[in-house]
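[1] Structural data only, the sequence is not supplied:
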Ligand code: MEV
């Protein structure tokens, strides 16, 4: 049996702006998706007959990436992420699926995280009407802290480039890694799930029409880009207070792009008194917020009391990897 795990991601700064080529900073989180694959006498997913039309990411990887025409497979998928919640669960699924299939077809051969990230990005782009940045898939593949940007960003290590034809034109991104300082181990991410889905494709399309209607809001994108750079500098220096301030500032700009929701606001407000900073994370509209905290349990309790589901994670978990049987 081939087994692989890929982590989810949490965007600390730059969601939405990254679709337009500005930088975004994301970290891999402890929760993720595990996929196991073995040959079988029929195609199943979680013990039920596999219907490829209901699982576009899996069928894209099987058919279009690997052009798999081997024996039927028994596939199991276990996720510890809230799904459609802005935590990159579909990217983690693509990466874990790609890794498990690679290992099934090429036993003993090491994984190529960059190839997996590229493959996951094309699967995401297809699912999001051509508007997807490589943030989720690259962070899940590489792990740690990743900066995705239209150009190389100072203080980061360039890993690979990605491009995509979107309805708004050609987009290119550089994917860069950041080494996090040791003192970040003192801080934790507390993710709060509102219980509402975050419809990424719809939220990204909503921002595109808002910008068309009110071109002056382009300024909010520039502001998010400035905050992202400041947040990254603070993160690289291990200045936790400044990271938290940048998170608060980023949330304010996202509110102006109309991607927050009353439920997200309630959780952000509940977390702030005990956190260094808090903001919505991912596409918004629902989904999750994230707080940076030295005492994560207190923040998790506040989130729970306000009606959210908390998840505590390290700031930067390992990327996609194979699991022993
Ligand atoms: C989704 O997690 C983040 C967005 O920036 C969309 C994307 O990057 O593809 C809203």
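    Great, that's in hand. What you see is a predicted model, and the numbers here were worked out from it, not measured in a lab. Numbers count the residues shown, from 1 in each chain.
[2] Which residue ranges make up each domain of this structure?
    Segmentation of the chain into domains, based on automatic domain parsing, reads 2-179, 182-313.
[3] any idea which of the ones you listed scores lowest on pLDDT?
    Lowest mean pLDDT within these: domain 2-179, a mean of 92.
[4] before we move on, the earlier item: let me have the domains of the chain in CSV, adding mean neighbour count as columns.
    In short, each C-beta sits where N, CA and C put it, glycine included. Formatted as CSV, those follow (neighbours: other CB atoms under 10 Å):
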stretch, mean neighbour count
domain 2-179, 21
domain 182-313, 20
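[5] between the ones you listed, which gets nearest to residue 325?
    domain 2-179 (6.3 Å; CB to CB).
[6] before we move on, the earlier item: closest one to residue 324 among the domains of the chain?
    Here domain 2-179 is closest among the domains of the chain (CB to CB), at 7.7 Å.
[7] Please tell me how far residue 235 sits from residue 25.
    Residue 235 sits 7 Å away from residue 25, going by CB to CB, to the nearest Å.
[8] residues bridging contact with these two, i.e. touching both?
    Shared contacts of residue 235 and residue 25, defined by CB atoms under 8 Å, 6 or more residues apart in numbering, are found at 12, 145, 178.
[9] could I get those as a markdown table with distance to residue 197?
    Listed next are the shared contacts of residue 235 and residue 25 as a markdown table, based on distance: CB to CB, whole Å:
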| residue | distance to residue 197 |
| --- | --- |
| 12 | 22 |
| 145 | 26 |
| 178 | 30 |
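[10] Residue 97: which of these is nearest?
    Distances from residue 97 to the shared contacts of residue 235 and residue 25, taken by CB to CB, are shortest for residue 145, at 24.0 Å.
[11] my guess is residue 33 contacts residue 75, does it?
    No - contact criterion CB atoms under 8 Å: residue 33 and residue 75 do not qualify, at 11.9 Å.
[12] re earlier: would a markdown table of the domains of the chain with distance to residue 325 be doable?
    Listed next are the domains of the chain as a markdown table, based on distance: least, CB to CB, whole Å:
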| stretch | distance to residue 325 |
| --- | --- |
| domain 2-179 | 6 |
| domain 182-313 | 26 |
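[13] Counting only strands, which of the shared contacts of residue 235 and residue 25 make the cut?
    12, 145, 178 (DSSP state E).
[14] Get me the contact residues on the chain for the ligand.
    11, 15-16, 18-19, 86, 132-133, 135-136, 200, 204, 282-283 (CB under 6 Å from any ligand atom).
[15] mind listing what residue 21 touches?
    149-150, 171-173.
[16] And the residue of this protein closest to the ligand?
    residue 133 (3.3 Å; CB to the nearest ligand atom).
[17] mind checking how far that residue is from residue 81?
    Distance from residue 133 to residue 81, by CB to CB: 19 Å.
[18] Let me see the ranges of the strands in the chain.
    Using DSSP E, strands in the chain cover 2-13, 24-39, 44-45, 48-49, 73-79, 145-149, 157-166, 169-178, 188-193, 277-281, 288-293, 309-313, 321-323.
[19] which one of those strands lies closest to residue 115?
    strand 157-166 (9.5 Å).
[20] neighbouring strands for the closest one, and are they parallel or not?
    Strand pairing for strand 157-166, using DSSP bridges, gives strand 169-178 (antiparallel).
[21] if we look at the partner strand, which residues are touching it?
    18-21, 25, 117, 133-134, 138, 142, 144-153, 155-165, 232, 235-236.
[22] hmm, back to that, make sure the residue of the chain closest to the ligand is actually in contact with residue 18.
    Yes - between residue 133 and residue 18 there is a contact under CB under 8 Å: 4.5 Å.
[23] Common neighbours of the two, please.
    With CB under 8 Å, 6+ apart as the test, residue 133 and residue 18 both reach 24, 148, 173.
[24] Closest one of these to residue 277?
    Using CB to CB, the shortest approach to residue 277 within the shared contacts of residue 133 and residue 18 belongs to residue 24, at 16.4 Å.
[25] show me what contacts residue 148?
    14, 18, 23-24, 26, 133-135, 138, 173-176.
[26] Now with 10 Å, please.
    11, 14, 18, 21-26, 133-139, 162, 173-176 (CB atoms under 10 Å, 6 or more residues apart in numbering).
[27] Give the closest residue to it in space, chain neighbours not counted.
    residue 135 (4.6 Å; CB to CB, 6 or more residues apart in numbering).
[28] gap between the one you found and residue 147?
    Where residue 147 is concerned, residue 135 sits at a distance of 9 Å (CB to CB).
[29] overlap in contacts of those two?
    Contacts common to residue 135 and residue 147, judged by CB under 10 Å, 6+ apart, are 14, 18, 23-26, 173, 175.
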